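Participant: give me the fold of what follows.
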Amino acid sequence: MIDNDDVIAILNDLIETSKDGEEGFRISAKNAADARLKDFFLRRSKEVSASVLELQNQVRALGGEPVDSTSIGGILHRRWIDIKTALTSNDNLAVLNETERGEDAALAAYRLALEQELPADVRALILRQVDGVKRNHNLVKHMRDIYEAEAAIH
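Facilitator: Presented below is the predicted three-dimensional model:
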């Protein structure tokens, strides 16, 4: 079993990753041209925000100080979304592709955390949240598939 400080560090990494996702969904909502897509991204952002709070509360319960920022990688990814969207005139498909890439990174971070020997309660929290990350990833992929099909028709 890893020590308490390592558990806090793992949770803080997941907080950064989740805050990246929360902000990424919010930025994607801003960049989406379609109202249903804006709503979709805003709902995802709120769901991830709840996950962030849960992780932060767990860090506090372990006696740690939760991070309250996004990662440098997340900032760079959102800048890429902004640039790519500007270049493609608010192309919904481009936004969905970049959002899916962000969700791929979130899945990888959660899977990495689950490779550690975590306390049972922390493992249960991460397992529950990874289900939400998978759901978000699948929903984004589904929306992307819909927009690809619509683009092929036009």
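
Participant: remind me which residues of this structure are low pLDDT?
Facilitator: 1, 70-90 (pLDDT under 70).

Participant: repeat the analysis, applying 50 as the threshold.
Facilitator: 83, 86-87 (pLDDT under 50).

Participant: in it, which spans are helices?
Facilitator: With DSSP state H as the criterion, the chain has helices at 4-31, 35-61, 72-87, 92-114, 120-153.

Participant: Throw the ones you listed into a markdown table and include mean neighbour count, thanks.
Facilitator: From N, CA and C alone the C-beta is placed, and that goes for glycine too. Listed next are the helices of the chain as a markdown table, based on neighbours: other C-beta atoms under 10 Å:
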| stretch | mean neighbour count |
| --- | --- |
| helix 4-31 | 21 |
| helix 35-61 | 17 |
| helix 72-87 | 15 |
| helix 92-114 | 19 |
| helix 120-153 | 15 |
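
Participant: got the contact list for the residue most central in space within the chain?
Facilitator: The C-alpha lying nearest the average C-alpha coordinate of the chain belongs to Gly21 (C-alpha atoms, centre = their mean; 2.7 Å). Going by C-beta atoms under 8 Å, 6 or more residues apart in numbering, Gly21 touches Arg44, Val48, Gly74, Gly102, Glu103, Ala106, Val133, Asn136.

Participant: where's it relative to Val140, distance?
Facilitator: For Gly21, the distance to Val140 equals 10 Å [C-beta to C-beta, to the nearest Å].

Participant: what is in contact with the two at once?
Facilitator: Common neighbours of Gly21 and Val140 (C-beta under 8 Å, 6+ apart) are Arg44, Glu103.

Participant: my guess is Glu98 contacts Ser28, does it?
Facilitator: Yes: here Glu98 reaches Ser28: they are 7.4 Å apart, a contact under C-beta atoms under 8 Å.

Participant: excluding covalently adjacent residues, which one is nearest to Ser45?
Facilitator: Nearest in space to Ser45, with sequence neighbours left out and distances taken as C-beta to C-beta, 6 or more residues apart in numbering, is Phe25 at 3.7 Å.

Participant: which residues touch that neighbour?
Facilitator: Residues in contact with Phe25 (C-beta under 8 Å, 6+ apart) are Phe41, Leu42, Arg44, Ser45, Val48, Thr99.

Participant: good, we can wrap up now.
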